[in-house]
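**Q** What follows is a predicted structure for the sequence shown.
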Amino acid sequence: MTDGLIFDIKRYAIHDGPGIRTTVFFKGCPLSCWWCHNPEGKEFRHELMVWPSRCINCRTCLAACPNAAIFLSSNSIITKRDKCQVCGTCTERCPASAREIVGKAVSVDDAMNEVEKDRAFYGETGGLTVSGGEPLAQPIFLHVLLDRCQDAGIHTTVDTSGYAEKEILTKISRKVDLFLYDLKIMDCTKHKLHTGVSNEPIIKNLKMLDRLGKQIIIRFPLIPQVNDTEDNITSMCELVSELRNVRGINILSYHRLGIDKATRLGKVARSCGNLSNKRLNQSRKLIKTFGLTVNVE
(Lines give C-alpha, C1' and ligand atoms only; values in the text may rest on other atoms or scores of the structure.)
Protein backbone atom coordinates (compact mmCIF):
# COMPACT_ATOMS: atom_id res chain seq x y z
CA MET A 1 0.00 0.00 0.00
CA THR A 2 1.65 3.21 -1.16
CA ASP A 3 -0.95 5.88 -0.39
CA GLY A 4 0.17 8.63 1.96
CA LEU A 5 -1.54 11.23 4.12
CA ILE A 6 -0.39 14.79 3.44
CA PHE A 7 -1.64 18.24 4.44
CA ASP A 8 -0.09 20.48 1.82
CA ILE A 9 2.02 20.72 -1.33
CA LYS A 10 3.99 23.92 -1.75
CA ARG A 11 5.27 24.68 -5.22
CA TYR A 12 8.14 27.03 -6.07
CA ALA A 13 9.61 26.66 -2.57
CA ILE A 14 13.01 28.34 -2.12
CA HIS A 15 13.80 27.68 1.56
CA ASP A 16 13.42 23.90 1.69
CA GLY A 17 16.71 22.89 0.14
CA PRO A 18 18.81 23.99 -2.84
CA GLY A 19 17.24 25.62 -5.88
CA ILE A 20 13.52 25.77 -6.61
CA ARG A 21 11.62 22.91 -5.03
CA THR A 22 8.23 21.29 -4.63
CA THR A 23 7.63 20.53 -0.96
CA VAL A 24 5.22 17.77 0.05
CA PHE A 25 4.12 18.02 3.69
CA PHE A 26 3.40 14.67 5.32
CA LYS A 27 0.75 14.52 8.05
CA GLY A 28 1.61 12.97 11.40
CA CYS A 29 4.56 13.44 13.74
CA PRO A 30 5.81 11.46 16.78
CA LEU A 31 7.06 14.68 18.41
CA SER A 32 4.97 17.27 20.24
CA CYS A 33 7.19 20.34 20.15
CA TRP A 34 5.87 23.26 22.20
CA TRP A 35 6.72 25.71 19.42
CA CYS A 36 5.44 23.70 16.43
CA HIS A 37 4.70 26.04 13.52
CA ASN A 38 2.83 23.33 11.60
CA PRO A 39 0.39 21.96 14.20
CA GLU A 40 -1.84 20.73 11.36
CA GLY A 41 0.91 18.21 10.65
CA LYS A 42 0.94 16.60 14.10
CA GLU A 43 -2.00 14.20 13.97
CA PHE A 44 -2.03 11.03 11.86
CA ARG A 45 -5.61 11.71 10.78
CA HIS A 46 -7.87 14.18 9.05
CA GLU A 47 -8.79 17.26 11.11
CA LEU A 48 -11.26 20.12 10.94
CA MET A 49 -9.85 23.64 10.78
CA VAL A 50 -12.22 26.53 11.47
CA TRP A 51 -11.58 30.16 10.42
CA PRO A 52 -13.80 32.41 12.62
CA SER A 53 -12.63 35.52 10.74
CA ARG A 54 -14.18 34.17 7.54
CA CYS A 55 -17.50 33.18 9.10
CA ILE A 56 -20.49 35.23 7.88
CA ASN A 57 -22.81 33.76 10.55
CA CYS A 58 -25.14 32.27 7.94
CA ARG A 59 -25.53 29.17 10.16
CA THR A 60 -25.59 26.81 7.20
CA CYS A 61 -23.16 24.53 9.05
CA LEU A 62 -25.57 24.07 11.97
CA ALA A 63 -28.20 22.53 9.75
CA ALA A 64 -25.66 20.58 7.72
CA CYS A 65 -23.85 18.77 10.55
CA PRO A 66 -25.20 15.19 10.84
CA ASN A 67 -23.67 14.71 14.30
CA ALA A 68 -25.01 17.80 16.11
CA ALA A 69 -21.42 18.89 16.70
CA ILE A 70 -22.12 22.54 15.82
CA PHE A 71 -24.28 24.81 17.98
CA LEU A 72 -24.91 28.45 18.90
CA SER A 73 -23.60 30.01 22.09
CA SER A 74 -24.11 33.72 22.73
CA ASN A 75 -24.75 34.13 19.01
CA SER A 76 -21.40 32.51 18.21
CA ILE A 77 -21.04 29.30 16.23
CA ILE A 78 -19.23 26.67 18.30
CA THR A 79 -17.88 23.31 17.17
CA LYS A 80 -17.87 20.54 19.74
CA ARG A 81 -14.72 18.65 18.80
CA ASP A 82 -15.56 15.47 20.71
CA LYS A 83 -18.70 15.04 18.61
CA CYS A 84 -17.19 16.02 15.27
CA GLN A 85 -16.56 13.03 12.98
CA VAL A 86 -14.59 15.13 10.45
CA CYS A 87 -17.03 13.99 7.77
CA GLY A 88 -16.62 17.17 5.74
CA THR A 89 -20.33 17.94 5.37
CA CYS A 90 -20.03 21.38 6.96
CA THR A 91 -16.98 22.25 4.86
CA GLU A 92 -18.82 21.38 1.67
CA ARG A 93 -21.82 23.53 2.59
CA CYS A 94 -20.01 26.58 4.03
CA PRO A 95 -20.32 29.41 1.46
CA ALA A 96 -17.49 31.44 3.04
CA SER A 97 -14.83 28.70 3.15
CA ALA A 98 -14.65 29.19 6.92
CA ARG A 99 -14.24 25.44 7.42
CA GLU A 100 -11.82 23.03 5.82
CA ILE A 101 -10.59 19.48 6.24
CA VAL A 102 -6.85 19.26 6.82
CA GLY A 103 -5.35 16.09 5.43
CA LYS A 104 -5.61 14.37 2.08
CA ALA A 105 -4.87 10.81 1.05
CA VAL A 106 -2.74 10.73 -2.08
CA SER A 107 -1.10 8.06 -4.18
CA VAL A 108 2.51 8.21 -5.32
CA ASP A 109 1.20 8.97 -8.81
CA ASP A 110 -0.75 11.94 -7.41
CA ALA A 111 2.34 13.31 -5.67
CA MET A 112 4.60 12.73 -8.68
CA ASN A 113 2.17 14.56 -10.95
CA GLU A 114 2.59 17.65 -8.74
CA VAL A 115 6.36 17.27 -8.59
CA GLU A 116 6.62 16.95 -12.37
CA LYS A 117 4.64 20.17 -12.95
CA ASP A 118 7.60 22.29 -11.84
CA ARG A 119 10.35 20.16 -13.32
CA ALA A 120 11.22 22.83 -15.89
CA PHE A 121 12.18 25.16 -13.01
CA TYR A 122 14.34 22.73 -11.01
CA GLY A 123 17.52 23.08 -13.04
CA GLU A 124 20.52 21.18 -11.69
CA THR A 125 19.85 21.83 -7.99
CA GLY A 126 16.07 21.95 -7.43
CA GLY A 127 13.67 19.08 -6.95
CA LEU A 128 11.48 17.42 -4.35
CA THR A 129 11.54 18.13 -0.61
CA VAL A 130 9.46 16.07 1.79
CA SER A 131 8.62 17.68 5.11
CA GLY A 132 5.91 17.50 7.71
CA GLY A 133 4.91 16.47 10.20
CA GLU A 134 7.50 13.75 9.97
CA PRO A 135 7.97 12.04 6.58
CA LEU A 136 9.85 9.09 8.14
CA ALA A 137 6.63 8.19 9.98
CA GLN A 138 5.16 7.06 6.61
CA PRO A 139 8.14 5.01 5.41
CA ILE A 140 6.48 2.94 2.68
CA PHE A 141 4.90 5.90 0.90
CA LEU A 142 8.10 7.91 1.37
CA HIS A 143 10.36 5.17 0.02
CA VAL A 144 8.30 4.65 -3.14
CA LEU A 145 8.02 8.40 -3.76
CA LEU A 146 11.79 8.88 -3.39
CA ASP A 147 12.40 5.86 -5.60
CA ARG A 148 10.25 7.35 -8.35
CA CYS A 149 12.09 10.68 -8.10
CA GLN A 150 15.44 8.94 -8.26
CA ASP A 151 14.38 7.05 -11.39
CA ALA A 152 13.27 10.37 -12.92
CA GLY A 153 16.56 12.09 -12.08
CA ILE A 154 14.94 14.52 -9.62
CA HIS A 155 16.98 15.75 -6.64
CA THR A 156 15.54 14.62 -3.29
CA THR A 157 15.67 16.33 0.10
CA VAL A 158 14.19 14.98 3.34
CA ASP A 159 13.37 17.46 6.13
CA THR A 160 13.26 15.36 9.29
CA SER A 161 13.44 15.36 13.07
CA GLY A 162 15.56 12.22 12.81
CA TYR A 163 13.25 10.41 15.23
CA ALA A 164 12.79 7.04 13.54
CA GLU A 165 13.97 3.46 13.67
CA LYS A 166 17.52 3.02 12.44
CA GLU A 167 16.48 0.43 9.84
CA ILE A 168 13.88 2.76 8.31
CA LEU A 169 16.31 5.66 8.05
CA THR A 170 19.08 3.47 6.62
CA LYS A 171 16.81 2.19 3.87
CA ILE A 172 15.41 5.63 3.07
CA SER A 173 18.87 7.25 3.03
CA ARG A 174 19.85 5.42 -0.16
CA LYS A 175 17.25 7.46 -2.04
CA VAL A 176 18.10 10.85 -0.48
CA ASP A 177 20.49 13.48 -1.86
CA LEU A 178 20.25 15.86 1.11
CA PHE A 179 18.93 15.75 4.65
CA LEU A 180 17.62 18.83 6.43
CA TYR A 181 18.10 17.50 9.94
CA ASP A 182 16.57 19.13 13.03
CA LEU A 183 18.57 19.53 16.22
CA LYS A 184 16.58 21.17 18.98
CA ILE A 185 17.80 20.52 22.52
CA MET A 186 20.94 18.64 23.51
CA ASP A 187 19.98 17.81 27.09
CA CYS A 188 17.91 14.61 26.96
CA THR A 189 15.65 15.48 29.90
CA LYS A 190 14.84 18.94 28.54
CA HIS A 191 14.34 17.51 25.05
CA LYS A 192 11.77 15.06 26.35
CA LEU A 193 10.00 17.81 28.30
CA HIS A 194 9.67 20.13 25.31
CA THR A 195 9.14 17.59 22.51
CA GLY A 196 7.70 14.53 24.24
CA VAL A 197 10.49 12.18 23.12
CA SER A 198 14.13 11.41 23.90
CA ASN A 199 16.85 12.87 21.70
CA GLU A 200 19.04 9.76 21.94
CA PRO A 201 17.80 8.10 18.70
CA ILE A 202 17.97 11.49 16.96
CA ILE A 203 21.65 11.96 17.77
CA LYS A 204 22.49 8.33 16.98
CA ASN A 205 20.74 8.57 13.61
CA LEU A 206 22.55 11.81 12.79
CA LYS A 207 25.92 10.18 13.44
CA MET A 208 24.88 7.18 11.36
CA LEU A 209 23.93 9.34 8.37
CA ASP A 210 27.27 11.12 8.65
CA ARG A 211 29.13 7.77 8.62
CA LEU A 212 27.16 6.82 5.51
CA GLY A 213 28.47 9.93 3.81
CA LYS A 214 25.08 11.61 3.40
CA GLN A 215 24.97 15.37 2.82
CA ILE A 216 23.35 17.09 5.82
CA ILE A 217 22.26 20.60 6.74
CA ILE A 218 21.36 21.07 10.39
CA ARG A 219 18.19 23.01 11.08
CA PHE A 220 18.16 24.62 14.52
CA PRO A 221 14.82 26.15 15.60
CA LEU A 222 15.87 28.96 17.94
CA ILE A 223 13.20 29.13 20.65
CA PRO A 224 13.36 31.83 23.34
CA GLN A 225 13.40 30.53 26.92
CA VAL A 226 13.69 26.95 25.65
CA ASN A 227 16.90 26.27 23.71
CA ASP A 228 18.55 29.64 23.17
CA THR A 229 21.07 29.24 26.00
CA GLU A 230 24.81 29.37 25.40
CA ASP A 231 25.20 25.90 26.92
CA ASN A 232 22.70 24.32 24.52
CA ILE A 233 24.11 26.02 21.43
CA THR A 234 27.67 25.15 22.44
CA SER A 235 26.77 21.49 22.97
CA MET A 236 25.10 21.36 19.58
CA CYS A 237 28.08 22.94 17.83
CA GLU A 238 30.51 20.56 19.56
CA LEU A 239 28.52 17.63 18.18
CA VAL A 240 28.23 19.08 14.68
CA SER A 241 31.94 19.93 14.59
CA GLU A 242 32.74 16.23 14.91
CA LEU A 243 30.76 15.35 11.78
CA ARG A 244 32.34 15.28 8.32
CA ASN A 245 29.34 15.73 6.04
CA VAL A 246 27.40 18.58 7.62
CA ARG A 247 27.29 21.52 5.20
CA GLY A 248 26.19 24.06 7.81
CA ILE A 249 23.57 25.12 10.34
CA ASN A 250 20.39 26.97 9.40
CA ILE A 251 18.75 28.86 12.26
CA LEU A 252 14.95 28.80 12.13
CA SER A 253 13.73 31.88 13.99
CA TYR A 254 10.75 31.30 16.28
CA HIS A 255 7.47 32.85 15.17
CA ARG A 256 3.87 32.67 16.38
CA LEU A 257 2.07 31.50 13.23
CA GLY A 258 1.56 28.06 14.72
CA ILE A 259 -0.45 29.50 17.61
CA ASP A 260 -3.22 30.78 15.34
CA LYS A 261 -3.32 27.52 13.40
CA ALA A 262 -3.52 25.46 16.58
CA THR A 263 -6.44 27.59 17.79
CA ARG A 264 -8.25 27.02 14.48
CA LEU A 265 -7.79 23.28 15.05
CA GLY A 266 -9.37 23.54 18.48
CA LYS A 267 -6.10 22.95 20.31
CA VAL A 268 -4.37 24.76 23.13
CA ALA A 269 -1.18 26.42 21.87
CA ARG A 270 1.88 27.47 23.84
CA SER A 271 3.64 30.78 23.47
CA CYS A 272 7.40 30.66 23.92
CA GLY A 273 8.04 34.38 24.31
CA ASN A 274 9.74 36.81 21.95
CA LEU A 275 12.96 36.19 20.05
CA SER A 276 14.94 39.42 19.90
CA ASN A 277 17.29 40.35 17.08
CA LYS A 278 20.02 40.71 19.69
CA ARG A 279 19.60 37.11 20.84
CA LEU A 280 19.45 35.89 17.25
CA ASN A 281 22.69 37.67 16.37
CA GLN A 282 24.40 36.39 19.52
CA SER A 283 23.44 32.82 18.63
CA ARG A 284 24.69 33.23 15.07
CA LYS A 285 28.03 34.64 16.26
CA LEU A 286 28.45 31.81 18.77
CA ILE A 287 27.92 29.18 16.06
CA LYS A 288 30.46 30.91 13.83
CA THR A 289 33.14 30.64 16.53
CA PHE A 290 33.13 26.88 15.88
CA GLY A 291 34.04 27.47 12.24
CA LEU A 292 30.59 26.40 11.08
CA THR A 293 28.63 27.97 8.24
CA VAL A 294 25.42 29.52 9.59
CA ASN A 295 22.38 30.97 7.84
CA VAL A 296 19.12 32.37 9.18
CA GLU A 297 15.81 31.31 7.63
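**A** Thanks, I have the structure now.
**Q** rest of the way, CA atoms for contacts and neighbours
**A** Will do.
**Q** Wait, Leu243 touches Asp210, no?
**A** Yes - if you go by Cα atoms under 8 Å, Leu243 and Asp210 touch, sitting 6.3 Å apart.
**Q** tell me the secondary structure for Ile77?
**A** Secondary structure state of Ile77, per DSSP: H, G, I helix; E, B strand; the rest coil, is strand.
**Q** element containing Ala111?
**A** Taking DSSP states H and E as the definition, Ala111 sits inside helix 108-117.
**Q** helices and strands around that helix, which ones?
**A** For helix 108-117, the elements it packs on are strand 21-26, helix 139-151, judged by 3 or more Cα pairs under 8 Å, 6 or more residues apart in numbering; DSSP states H and E.
**Q** And His155, its phi and psi?
**A** Note on His155: backbone dihedrals following degrees, to the nearest 10 are phi -60, psi 140.
**Q** any idea how far Cys36 is from it?
**A** Distance, His155 to Cys36, using Cα to Cα, to the nearest Å: 27 Å.
**Q** would you say Gly266 is within a strand?
**A** No - counting by three-state DSSP, Gly266 is not found in a strand; it is coil.
**Q** That one - nearest residue in space that isn't next to it in sequence?
**A** Excluding the flanking residues, the one nearest Gly266 by Cα to Cα, 6 or more residues apart in numbering is Arg81, at 7.3 Å.
**Q** Next one: the one you found from Lys104, what distance?
**A** Taken as Cα to Cα, the span from Arg81 to Lys104 is 20 Å.
**Q** you'd agree Arg21 is up against Arg11?
**A** Yes - between Arg21 and Arg11 there is a contact under Cα under 8 Å: 6.6 Å.
**Q** Just want to know which of these two has more residues nearby.
**A** Arg21 (29 against 16; other Cα atoms under 10 Å).
**Q** Let me see the domain layout of this structure.
**A** 4-44+103-296, 47-102 (automatic domain parsing).
**Q** Quick check: which of these is buried the most?
**A** Mean neighbours per residue, mean count of other Cα atoms under 10 Å, is largest over the domains of the chain for domain 4-44+103-296, with a mean of 18.
**Q** from the chain's centre, how far out does it sit?
**A** Taking Cα atoms, centre = their mean, to the nearest Å, one finds domain 4-44+103-296 lying 6 Å from the centre of the chain it belongs to.
**Q** Which per-residue confidence value corresponds to the spatially most central residue of the chain?
**A** Among the residues of the chain, the one closest to the centroid is Gly132, at 3.2 Å (Cα atoms, centre = their mean). Looking at Gly132, its pLDDT reads 95.
**Q** Could you do Met1 as well?
**A** On the pLDDT scale, Met1 is placed at 55.
**Q** One more: the one 10 residues further on?
**A** Here the pLDDT value assigned to Arg11 is 94.
**Q** Just the residues contacting the host helix or strand of it, thanks.
**A** Per DSSP H and E, Arg11 falls inside strand 4-13. The contact list for strand 4-13 (Cα atoms under 8 Å, 6 or more residues apart in numbering) reads 20-27, 40-41, 44-45, 102-108, 118, 138, 141-142.
**Q** in its sheet, what does that strand sit against?
**A** strand 21-26 (antiparallel), strand 104-106 (antiparallel) (DSSP bridges).
**Q** Could you export these as CSV, including distance to Val50 and mean pLDDT?
**A** As requested, the strands paired with strand 4-13 are exported to CSV (distance: least, Cα to Cα, whole Å; pLDDT from 0 to 100):
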stretch, distance to Val50, mean pLDDT
strand 21-26, 20, 98
strand 104-106, 17, 97
